[in-house]
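S.K.: Any chance you can model this:
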Amino acid sequence: MATLFAELVNVAKNIESVKSRKEKVRILSTFISKLSPNEAVIAARFLSGRIFREYEDLSLGVGWSTIKNALSLTKTTSLLLNTSKPTLEEVYNVLNKVARVSGESSRQKKISYIYSLLSRMNEEEIEFLLRVIFGEVRIGASIGLLLEAISVFTKCSLDDVRRAYMFLSDIGDLARIAVERGCEKIKEISLQIFRPVKPMLADMAYSVKEILSEHGGVTALEYKYDGFRVQIHLKNGKIKVFSRRLSNITEYVPDIVEQVKENVVADSVVLDGEALGIVEGKPLPFQEIVRRIRRKADFIIFLKKIPYTLHLFDILYLNDEVLVDKPYNERREILEKIVRSERILAERTVVHDIVEAERVYKEALEKGHEGVVAKRLDSRYEPGIRGRSWLKLKQSDTIDCVIVAAEWGHGRRRGWLSDYHLAVLDEATGRYVRVGKTFKGLSDAEFEEITKKLLEIKVKEEGYVVYVLPHIVVEVEYSEIQKSPRYESDFALRFARIKRIRWDMDPREITTLEELKRRYNQQFQTKTG
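M.R.: Okay, the predicted model is just below:
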């Protein structure tokens, strides 16, 4: 018998109501294990606040105004036919139609499709569907819970399940395999050419002394470029380039593709690197170089104005062999052997003492880069993991926040949303909690652009404050983290300033509350030396 959407809503409600993580996992594992493979895909994605594959360039393309219109129809009319409760698969199929509507009257068709669902649901079901649509399920650490649940009902180790998820880059695909094939198949999952994997991330460090202590007295320092992350897949001459968010951006980076063709010697390979813009020998700020990817209609113009330079720093796969479990130092040696020109390799120095490390760090800053990334020589490549094996050291302290509200400006900023409410992710609850406000750091053009984007994701407006969905990520500089009862996080950023808008970053990748607490405790340590 087909599973109703209402059954998923009840499960989510039960998970939200219990405090014990073990009980949450039990409820979830029992539910998913009884679903069909297709239903497991949908349920896993919905519970994690997604509808489509994480690496799929597909979205509903609906804002709050479209939903509002569909909701108003449910209050003024009644659906005479097919008033039965929708199944999980029916809900997904309708949302898939919404995402693929185009052409004339597309907005009206989207409203009609969404109304066809809402009119068959009660208030509780409608509320949960809206949470799914806007990526705010909020049942607490959704991906983490799902991975634990899959581990329980397949009797597979959590490490194996996590590793499979990082290679698949989609919780729905993992749930399907778990229900269909169980632990044996999960253990077989590995990196596949042309399927992007989540990039390994670096944790924050505050001094080269801390880095050398963490890495056992020796580490590799690579320049931290102010560019955007690229993952390059090549097989039999065919090349695809993926962004940090796992989007296929190949057609917008022909210069990167050409550099790979000219310099990389391999039948099949997966590479990790950074693309940056160099003009007159100096790197351009991130905000400048990312315009080519974001303004796709004008990218040919920007291609001439802002050529990209590729800097490769890791290799994950070569000629049918997965390399992620090999130590970093060995991967780097393999990378150097398949690259014709050193110019496309990330600048790197292996250091053994503080004086040498300080020299490399200072050199990176003098050349206009953000700082350095330190990598343990024996570290594995762990997709999607932010750990101490890779540490970044920058000149200024920054965190990644999501904007949850904004205030209408006055004076010179009149007509713009320009005072932004900043939040970090509380992984324990899945909620975004505020840590401060700022209007500093953006240009007039950026104020204008971000105002337009925020109004597209507006949820409500109270006085001069506009509340928005947590979709836009900003990198924020600050002088200090303070204790503050004013915000639900219990912390506040002093002298916060937006360094850049992170259009390339997923809101689920932002700074967590736990990380903020750790930074609060560490911030008074010496930053260098």
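
S.K.: So which helix or strand of this structure has the lowest pLDDT on average?
M.R.: The weakest-scoring helix or strand in the chain, judged by mean pLDDT, DSSP states H and E, is helix 299-305 (a mean of 59).

S.K.: Run the chain-centre distance for the following helix or strand past it.
M.R.: Next along the chain after helix 299-305, taking DSSP states H and E as the criterion, comes strand 308-318. The chain centre lies 20 Å from the centre of strand 308-318; the measure is C-alpha atoms, centre = their mean, to the nearest Å.

S.K.: Equivalent analysis for stretch 357-368, please.
M.R.: Here stretch 357-368 shows a centroid-to-chain-centroid distance of 29 Å under the convention C-alpha atoms, centre = their mean.

S.K.: now that stretch: mean pLDDT?
M.R.: Stretch 357-368 comes out with an average pLDDT of 93.

S.K.: again with stretch 393-400
M.R.: Stretch 393-400 comes out at a mean pLDDT of 85.

S.K.: what do you get for stretch 27-47?
M.R.: Averaging pLDDT along stretch 27-47 gives 95.

S.K.: Could you list the buried residues of it?
M.R.: Buried residues in stretch 27-47, counted by 16 or more other C-beta atoms under 10 Å: 27-29, 31-32, 35-36, 38-47. Any C-beta I mention is one placed from the backbone N, CA and C, and that applies to glycine too.

S.K.: and what of stretch 103-123?
M.R.: Result for stretch 103-123 [16+ other C-beta under 10 Å]: buried residues 110-121.

S.K.: Same list, these, but as a markdown table with secondary structure please.
M.R.: Below are the buried residues of stretch 103-123 laid out as a markdown table (DSSP: H, G, I helix; E, B strand; the rest coil):
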| residue | secondary structure |
| --- | --- |
| Lys110 | helix |
| Ile111 | helix |
| Ser112 | helix |
| Tyr113 | helix |
| Ile114 | helix |
| Tyr115 | helix |
| Ser116 | helix |
| Leu117 | helix |
| Leu118 | helix |
| Ser119 | coil |
| Arg120 | coil |
| Met121 | coil |
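
S.K.: Make a markdown table out of those residues and add pLDDT and distance to Phe491.
M.R.: Shown next, in a markdown table, are the buried residues of stretch 103-123 (pLDDT from 0 to 100; distance: C-beta to C-beta, whole Å):
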| residue | pLDDT | distance to Phe491 |
| --- | --- | --- |
| Lys110 | 88 | 40 |
| Ile111 | 88 | 41 |
| Ser112 | 88 | 45 |
| Tyr113 | 89 | 42 |
| Ile114 | 89 | 38 |
| Tyr115 | 89 | 42 |
| Ser116 | 87 | 44 |
| Leu117 | 89 | 39 |
| Leu118 | 88 | 38 |
| Ser119 | 87 | 43 |
| Arg120 | 89 | 43 |
| Met121 | 89 | 38 |
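
S.K.: between those residues, which is nearest Lys19?
M.R.: Closest to Lys19 out of the buried residues of stretch 103-123 is Met121 (27.9 Å), distances taken as C-beta to C-beta.

S.K.: OK, contacts around that closest one?
M.R.: 5-6, 85-86, 129 (C-beta atoms under 8 Å, 6 or more residues apart in numbering).

S.K.: Check the gap between it and Val132 for me.
M.R.: Note on Met121: its distance to Val132, by C-beta to C-beta, to the nearest Å, is 12 Å.

S.K.: cool, and Val62?
M.R.: Counting by C-beta to C-beta, the gap from Val62 to Val132 is 12 Å.

S.K.: How about Lys68?
M.R.: Taking C-beta to C-beta as the criterion, Lys68 is separated from Val132 by 17 Å.

S.K.: Looking at these two, which one has more neighbours?
M.R.: Legend: neighbour count by other C-beta atoms under 10 Å for Lys68 and Val132, higher for Val132 (23 against 12).

S.K.: pLDDT value on that one, please?
M.R.: For Val132, the pLDDT comes out at 87.

S.K.: Can you spell out the domain ranges of the chain, please?
M.R.: Annotated domains of the chain cover 5-188, 201-394, 398-522 [automatic domain parsing].

S.K.: And the contacts of Met121, which of them are buried?
M.R.: 5-6, 86, 129.

S.K.: Out of those, which is nearest to Leu312?
M.R.: Out of the buried ones among the contacts of Met121, the member with the shortest distance to Leu312 (by C-beta to C-beta) is Leu129, at 43.1 Å.

S.K.: How about residues contacting the helix or strand where the closest one lies?
M.R.: Assigned by DSSP H and E, Leu129 belongs to helix 123-133. Here helix 123-133 makes contact (C-beta under 8 Å, 6+ apart) with 5-6, 8-9, 12-13, 46, 49-51, 60, 62, 67, 71, 74, 91, 95, 117-118, 121, 137-138.

S.K.: Just the buried residues from the residues you listed, in ChimeraX please.
M.R.: Buried subset of the contacts of helix 123-133, written as a ChimeraX selection, criterion 16+ other C-beta under 10 Å:
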select :5,6,8,9,12,46,49,50,51,60,62,67,71,74,91,95,117,118,121,137
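
S.K.: just to revisit the earlier point, got the buried residues for the helix holding Leu129?
M.R.: Buried residues in helix 123-133 (16+ other C-beta under 10 Å): 125-126, 128-133.

S.K.: do stretch 8-28 as well
M.R.: 8-9, 11-12, 15, 24-28.

S.K.: Among those residues, which lie within helices?
M.R.: Among these, the residues falling in helices (DSSP state H) are 8-9, 11-12, 15, 24-28.

S.K.: Could you point out the helix or strand that follows the top helix by length along the chain?
M.R.: As assigned by DSSP H, the longest helix anywhere in the chain is helix 171-188. Moving toward the C-terminus from helix 171-188, the next helix or strand (DSSP H and E) is strand 201-204.

S.K.: Which strands or helices does that next one pack on?
M.R.: strand 386-394 (3 or more C-beta pairs under 8 Å, 6 or more residues apart in numbering; DSSP states H and E).

S.K.: Buried residues in the strand it packs on, which are they?
M.R.: Those would be 386, 388-394, for strand 386-394 by 16+ other C-beta under 10 Å.

S.K.: contacts for it?
M.R.: 200-208, 210-211, 214-215, 224, 328, 361, 370-376, 379-380, 382.

S.K.: Quick check: helices, which of those residues are part of them?
M.R.: Using DSSP H, the contacts of strand 386-394 in helices are 208, 210-211, 214, 328, 361.

S.K.: Who wins on neighbours among those?
M.R.: The residue in those with the most neighbours, by other C-beta under 10 Å, is Val208 (27 neighbours).

S.K.: Which pLDDT does the model give it?
M.R.: pLDDT for Val208: 93.

S.K.: go on, Phe313?
M.R.: So, for Phe313, pLDDT stands at 97.

S.K.: Same question for Lys499.
M.R.: On the pLDDT scale, Lys499 gets 88.

S.K.: Look up the closest residue to Asp57, ignoring the ones flanking it.
M.R.: Ser247 (5.4 Å; C-beta to C-beta, 6 or more residues apart in numbering).

S.K.: pLDDT weak spots in this structure?
M.R.: By pLDDT under 70, the weakly predicted segments of the chain are 75-83, 136-141, 280-281, 285-305, 523-529.

S.K.: quick revisit: of all the ones in helices among the buried residues of stretch 8-28, which comes closest to Leu513?
M.R.: Lys24 (18.9 Å).

S.K.: could I get the ones in helices among the buried residues of stretch 8-28 as CSV with distance to Leu455?
M.R.: Formatted as CSV, those follow (distance: C-beta to C-beta, whole Å):
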residue, distance to Leu455
Leu8, 31
Val9, 30
Val11, 35
Ala12, 30
Ile15, 33
Lys24, 36
Val25, 39
Arg26, 43
Ile27, 38
Leu28, 36
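
S.K.: Nice, that's everything, thank you.
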